[in-house]
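1. coordinates only, sequence not included:
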């Protein structure tokens with residue numbers, strides 16, 4: 001049925017019908033708008049692919065050391081307390 005669907009004379013008739021419908025003055029504007037739409041579509045699909053690639057699961061960072069505890073002296077009655085850990089103090093282990 002569709003064995004000879006797009007022969008050259010079919011395409012010529014199709015082009016003639018398009019020119020008759022739209023007119024020869026509107027065809028360049030229509031082609032320009034179609035090209036612009038295709039560029040926008042292409043850039044949006046590329047952005048979606050980039051977003052999908054950046055949303056892949058990333059490895060979890062290694063957990064840092066836990067809070068340090070300072071225990072009292074042998075005769076101290078105070079309970080163990082956590083020491084503040086800020087980035088300004090240096091720790092010597």
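-> Cool, the structure landed. Please read these numbers as outputs of a predicted model, since none were measured by experiment.
2. count the residues that sit near residue 15.
-> 11 (other Cβ atoms under 10 Å). In short, each C-beta sits where N, CA and C put it, glycine included.
3. let me fix that: residue 42
-> With other Cβ under 10 Å as criterion, residue 42 counts 10.
4. packing partners of the host helix or strand of it?
-> Assigned by DSSP states H and E, residue 42 belongs to helix 27-54. Helix 27-54 makes packing contacts with helix 8-22 when contacts are defined by 3 or more Cβ pairs under 8 Å, 6 or more residues apart in numbering; DSSP states H and E.
5. orientation of the helix it packs on relative to helix 27-54 in degrees?
-> Angle of helix 8-22 versus helix 27-54, following axes from the mean of the first three to the mean of the last three Cα atoms, to 10 degrees, is 100 degrees.
6. next, the buried residues of the helix holding residue 42.
-> For helix 27-54, a neighbour-count test (16 or more other Cβ atoms under 10 Å) marks nothing as buried.
7. mind checking the pLDDT average for it?
-> The average pLDDT within helix 27-54 is 89.
8. distance of residue 30 relative to residue 51?
-> From residue 30 over to residue 51 the distance is 32 Å, taken as Cβ to Cβ, to the nearest Å.
9. no further questions, thank you.
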